[in-house]
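Engineer: Build me a structure from this.
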Amino acid sequence: MKKFEAHILVVDDDDRIRDLVKQYLIENNYLVTTAISAEDAQKKVNIIKFDLIVLDIMMPGKSGLDFIEENKKALDTPIILLTAKGQAEERVKGLEVGADDYLPKPFEPKELILRIQNILN
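Structural biologist: Sure thing, here's the model as predicted:
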């Protein structure tokens, strides 16, 4: 049985981004579950313990920030925001509500892996 580095939930409404992140994480020995919305992510965190969550901010329905505000106290799971909102005030807001790190789109997949490793180690 294969030993994975960690189990990561990738939450993004963009199929291309979600699939790209999933594929890159799998290639780097991570077990990956995906969600297409904050609501979908909520269902999954209610039944699965993840080691880390990669979360988009701008999604239809609840935003990634809403998800963090509703779940951060109950979850003992680090969260990396992955979003097109690169302005400093958005980064600060994300960190204030409880995100552990912030990576603006477009991003280098290697940088995502380095940030994940820094948080998990």
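
Engineer: Pick out the residue nearest the middle of this protein.
Structural biologist: By CA atoms, centre = their mean, the chain has its centre lying nearest to Val54, at 0.9 Å.

Engineer: Report the beta-bridge partner residues of it.
Structural biologist: Val10, Ile80 (DSSP bridges).

Engineer: Distance check, it against Ile48.
Structural biologist: Taking CB to CB, to the nearest Å as the measure, Val54 falls 15 Å from Ile48. The way it works is simple: take the backbone N, C-alpha and C, and place the C-beta from them, glycine included.

Engineer: Ala74 too?
Structural biologist: In terms of CB to CB, Ala74 sits 14 Å off from Ile48.

Engineer: Name the residues that touch the worst-scoring helix or strand of the chain on mean pLDDT?
Structural biologist: When each helix and strand of the chain is scored by mean pLDDT, DSSP states H and E, helix 88-97 comes last, with a mean of 81. Contacts with helix 88-97, where a contact means CB atoms under 8 Å, 6 or more residues apart in numbering, come from Ile57, Gly64, Leu65, Ile68, Glu69, Lys72, Leu81, Thr83, Lys85, Tyr102, Pro104.

Engineer: tell me which of those is nearest to Arg16?
Structural biologist: Thr83 (14.7 Å; CB to CB).

Engineer: Quickly note the distance from the residue nearest to that closest one when sequence neighbours are not counted to Gln117.
Structural biologist: Distances taken as CB to CB, 6 or more residues apart in numbering place Ile57 nearest to Thr83, at 4.0 Å, with adjacent residues excluded. For Ile57, the distance to Gln117 (CB to CB) stands at 23 Å.
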